[in-house]
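# what's the 3D shape of this:
(one chain, ligands or ions: 2)
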Amino acid sequence: MIEIENVHKSFGALEVLKGINLTVDKGEVVSVIGGSGSGKSTLLTCINGLEPINSGRILVDGIEVHAKTTDLNKLRRKIGIVFQQFNAFPHLTVLENVTLAPRKVKGLSRQEAEEIAVKHLTHVGLAEKLNVYPGRLSGGQQQRMAIARALAMSPDYMLFDEVTSALDPQLVGEVLDTLKMLADEGMTMICVTHEMSFARDVSNRVAFFHKGVMAEIGPPEQIFGNAQHEETRKFLSSVR
Ligand code: ADP
Ligand code: MG
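Ligands and ions are numbered 1, 2, ... in the order given. Here you go, the predicted model:
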């Protein structure tokens with residue numbers, strides 16, 4: 001599980017996380033919603049140790065992410081992360097993009113890595129695209145490839161940062177369907193999202209961030225049906 005305890009994080013004088021507390025259990029799907037600049041992306045980058053924190057602690061399976069003794073490379077293999085902007089290697093095929101990290105980081109043979117990659121690419125609906133270059137894929141296909149690439153490292157947790165925000169509207173559904181499939185299979189996920197219907201229908205809990213504070217967290221029925229905080233209601237009426 002992921003345990004976030006009283007985490008404070010600043011960029012210079014700007015405090016962007018002001019004492020965040022959140023525990024995500026195995027198999028749980030937590031959606032994170034909130035306005036631009038409220039600290040959602042920063043939280044994800046702190047969880048996998050891409051960013052240092054100022055105080056508090058984050059534990060992943062009991063291992064303290066920011067402890068000096070923690071092997072971050074090893075820890076990060078547990079945590080897949082997919083961003084809004086897709087960053088494929090354009091000169092590598094889809095299959096090569098997905099096998100790269102398992103071969104280089106995990107030391108798998110080409111054959112082992114390809115078996116795993118084909119399994120995950122098939123799972124996200126890209127079995128026909130193994131040998132094409134990323135530039136030939138649609139945005140939705142590129143994001144599904146990014147998800148397959150993360151899954152190929154066999155992570156225990158997946159972090160998604162607005163993975164549909166850069167997509168044309170007609171491509172959003174296929175990526176959300178892929179996320180839903182993972183959720184149904186029991187993957188533990190934190191999804192920063194602007195897709196309120198996804199947050200409502202797929203998550204176990206929804207966290208609303210406002211100015212660096214987790215202003216409210218609860219089951220979707222509470223957040224979307226009976227929000228306790230004025231700011232949550234304001235935000236929801238602004239995005240609907
Ligand atoms: P969100 O994802 O909710 O839109 P972010 O976590 O990206 O918000 O950003 C929170 C605040 O931190 C914003 O004011 C943003 O400008 C600032 N910020 C994010 N990353 C950096 C950085 N690397 N250096 C300085 N400020 C940053
Ligand atoms: Mg963000």
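# only C-alpha atoms for contact and neighbour calcs from this point on.
Noted.
# Quick check: closest non-adjacent residue to Pro219.
Arg205 (4.3 Å; C-alpha to C-alpha, 6 or more residues apart in numbering).
# ok, now which ones touch the one you found?
29-31, 217-220 (C-alpha atoms under 8 Å, 6 or more residues apart in numbering).
# got it, and Val163?
82-85, 143, 175, 193.
# CA atoms only: put the helix or strand where Lys18 lies into PDB for me.
Lys18 is part of strand 14-24, with elements assigned from DSSP states H and E. The C-alpha trace of strand 14-24 is given here as PDB (Å, rounded to 0.1, in the frame of the first residue of the first chain):
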ATOM      1  CA  LEU A  14       5.900  28.400  -2.900                       C
ATOM      2  CA  GLU A  15       4.400  25.700  -0.800                       C
ATOM      3  CA  VAL A  16       2.500  23.400  -3.100                       C
ATOM      4  CA  LEU A  17       1.700  20.500  -0.800                       C
ATOM      5  CA  LYS A  18       0.500  21.600   2.700                       C
ATOM      6  CA  GLY A  19       0.300  18.500   4.800                       C
ATOM      7  CA  ILE A  20      -1.100  15.800   2.700                       C
ATOM      8  CA  ASN A  21      -2.400  12.600   4.400                       C
ATOM      9  CA  LEU A  22      -3.600   9.700   2.200                       C
ATOM     10  CA  THR A  23      -3.400   5.900   2.400                       C
ATOM     11  CA  VAL A  24      -4.100   3.900  -0.700                       C
END
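# For that strand, the averaged confidence score.
Per-residue pLDDT over strand 14-24 has a mean of 98.
# Surely Arg149 and Ile116 touch.
No. Taking contacts as C-alpha atoms under 8 Å, Arg149 lies outside contact range of Ile116: 9.9 Å.
# Look at these two and report which has more neighbours.
A count of neighbours by other C-alpha atoms under 10 Å puts Arg149 above the other of Arg149 and Ile116, at 28 against 20.
# and the more buried one, that's in a helix?
Yes. Arg149 sits within a helix when classified using DSSP: H, G, I helix; E, B strand; the rest coil.
# sec struct for the residue nearest to it when sequence neighbours are not counted, please.
Excluding the flanking residues, the one nearest Arg149 by C-alpha to C-alpha, 6+ apart is Val98, at 4.5 Å. Under three-state DSSP, the three-state class of Val98 is helix.
# Look up the pLDDT of the residue nearest to Pro219 for me, please.
Looking at Arg205, the pLDDT reads 98.
# Up against ligand 1, what does this structure have?
Contact residues, the chain versus ligand 1 (C-alpha under 6 Å from any ligand atom): 11, 16, 36-42.
# Now which of those residues would you call buried?
Neighbour counting with 16 or more other C-alpha atoms under 10 Å marks 16, 38-42 as buried within these.
# Tell me the one among the residues you listed nearest to Ser165.
Ser41 (13.1 Å; C-alpha to C-alpha).
# wait, the closest one sits on Ile190?
No. Judged on C-alpha under 8 Å, Ser41 makes no contact with Ile190 at a distance of 10.9 Å.
# quick one, helices of this structure?
Using DSSP state H, the helices found in the chain span residues 40-47, 72-76, 94-104, 110-123, 139-151, 169-184, 196-202, 220-225, 230-239.
# can you redo those helices as CSV with mean pLDDT?
Below are these laid out as CSV (pLDDT from 0 to 100):
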stretch, mean pLDDT
helix 40-47, 98
helix 72-76, 91
helix 94-104, 96
helix 110-123, 97
helix 139-151, 95
helix 169-184, 94
helix 196-202, 96
helix 220-225, 97
helix 230-239, 95
